[in-house]
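**Student:** All I have is the shape, not the residue letters:
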């Protein structure tokens, strides 16, 4: 009986685990004629959030910095709130130290820049909003 109870609590714990939480999908729309678009999936992981970016139409061989900025597209605050790993070949995965629910408390946006040499040009942007 005790073993069954322990297994039941373990299974219940896994079901509530952030690994099984549904991600928030953020559409990333092309900006400045880039034709780069796609989406980001934000997965809650306790006090952290995993950000998985998928972009189509990215230039081959170009590393594109991306960040989470305060504000909404296209009027984001220039200084990023959270650094994300750069997009390479249309993909990037980053774990950031902020709860997903905190990203939903005020306007934030994911912004992808053209390159390290052209940080002023935004090629894709998406507002982080509850679905």
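**Tutor:** Thanks, I have it. In this text the structure is predicted, and so the values were computed from the model without any measurement.

**Student:** Only C-alpha atoms from now on, for both contacts and neighbour counts.
**Tutor:** Will do.

**Student:** what's the distance between residue 46 and residue 65?
**Tutor:** Distance of residue 46 to residue 65, given as C-alpha to C-alpha, to the nearest Å: 26 Å.

**Student:** Return the distance of the closest residue in space to residue 120 that isn't next to it in sequence relative to residue 66.
**Tutor:** Nearest residue to residue 120, sequence neighbours excluded (C-alpha to C-alpha, 6 or more residues apart in numbering): residue 113, at 7.1 Å. Distance, residue 113 to residue 66, using C-alpha to C-alpha: 6 Å.

**Student:** Compare these two and say which is more crowded by neighbours.
**Tutor:** In this view residue 113 and residue 66 are compared by other C-alpha atoms under 10 Å, and residue 66 has more residues nearby, 27 against 22.

**Student:** what residues does the helix or strand containing the more buried one touch?
**Tutor:** If you go by DSSP states H and E, residue 66 is part of strand 64-72. With contact meaning C-alpha atoms under 8 Å, 6 or more residues apart in numbering, strand 64-72 is reached by 76-88, 106-116, 119, 126-127.

**Student:** In strands, which of those appear?
**Tutor:** Among the contacts of strand 64-72, the subset assigned to strands under DSSP state E consists of 76, 82-87, 108-113, 126-127.

**Student:** right, and the residue nearest to residue 120 touches residue 124 too?
**Tutor:** Yes - between residue 113 and residue 124 there is a contact under C-alpha atoms under 8 Å: 7.3 Å.

**Student:** where does stretch 108-123 sit relative to the chain's centre, distance-wise?
**Tutor:** Mean-position distance between stretch 108-123 and its chain equals 14 Å (C-alpha atoms, centre = their mean, to the nearest Å).

**Student:** One more: stretch 61-76?
**Tutor:** Remark: stretch 61-76 is offset 11 Å from the chain centroid, using C-alpha atoms, centre = their mean.

**Student:** Next: stretch 56-70.
**Tutor:** Centroid separation for stretch 56-70 versus its chain: 12 Å, with C-alpha atoms, centre = their mean.

**Student:** Return the set of buried residues in it.
**Tutor:** 58, 63-70 (16 or more other C-alpha atoms under 10 Å).

**Student:** With stretch 41-60 instead?
**Tutor:** 41-45, 49-55, 58.
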